[in-house]
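# Got a predicted model here, sequence first, then my questions.
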Amino acid sequence: MTETTQRRNASQDGKGAPGTRGSTAIADTVVAKIAGMAAREIPEVHNLGGGVTRAFGAVRQRVPGGGTGVTQGVKVEVGERQAAVDLDVVVEYGAAIADTAADIRTNVVNAVERMTGLEVVEVNIAVDDVHLPDDEEDESEQQESRRVA
């Protein structure tokens, strides 16, 4: 179920500027996509989502029409004028987690507020894992052995 929020911009006499007449509906999924893309723009972010979420996302990406998983690891609550964002993040090994979280918050708040006009009241970040450099080698070796077998 997708919820939407509506913003009403009309003057009291109903004769405001043309740009303020009517309402705009913003779906939760729109805010989730914006937040997911903004979080992924931070170089120290390896991926979004917990272990199980990433596994389901990998399967979903292989299914035709399954989507790209931009909202993987992203949960939002959208009200009439405000939004709250929860992110599950995997950071690169060696990154300063506190600094990375601050960068993510700043980027998500700026992107969501600029693109939607909603006030972002909080961005909660859960660091679920640290991506190690040798993790990629292990993953590629497992995929190679599956192809050969």
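Everything's here; your move.
# ok now do A101, which residues does it touch?
89, 125, 127 (Cβ atoms under 8 Å, 6 or more residues apart in numbering). Glycine gets a C-beta too; all of them are placed from N, C-alpha and C.
# how much space between the second one and V91?
In this case it means I125. Spatial separation of I125 from V91 under the definition Cβ to Cβ, to the nearest Å is 10 Å.
# and which of the contacts of A101 is nearest to G16?
I125 (38.8 Å; Cβ to Cβ).
# And the pLDDT at that closest one?
Model confidence at I125, given as pLDDT, is 98.
# these two touch, right, it and I104?
Yes. If you go by Cβ atoms under 8 Å, I125 and I104 touch, sitting 6.0 Å apart.
# ok, the two, which is more surrounded?
Shown here are I125 and I104; by other Cβ atoms under 10 Å, I104 has more neighbours (26 against 20).
# count of neighbours near A98?
When neighbours are defined as other Cβ under 10 Å, A98 has 9 of them.
# State the pLDDT value of it.
Turning to A98, the model gives it a pLDDT of 98.
# pretty sure it belongs to a strand, no?
No. With the criterion set as DSSP: H, G, I helix; E, B strand; the rest coil, the secondary structure at A98 is helix rather than a strand.
# That one: what's it in contact with?
Per Cβ under 8 Å, 6+ apart, neighbours of A98: none.
# Then the one 10 residues further on?
Under the criterion of Cβ under 8 Å, 6+ apart, the neighbours of V108 are 35, 38-39, 85, 87, 120, 123.
# Of these - the most surrounded one?
Counting neighbours by other Cβ under 10 Å, the one among those with the most is A35, which has 29 neighbours.
# What strand or helix carries it?
Taking DSSP states H and E as the definition, A35 sits inside helix 28-40.
# And the contacts of that helix?
In this structure, residues lying in contact with helix 28-40 by Cβ under 8 Å, 6+ apart are 2-4, 45, 48, 70-78, 83, 85, 87, 89, 104, 107-108, 110-112, 115-116, 118, 123.
# Check stretch 128-137 too.
For stretch 128-137, using Cβ under 8 Å, 6+ apart, the contacting residues are 46-47, 49-51, 88-93.
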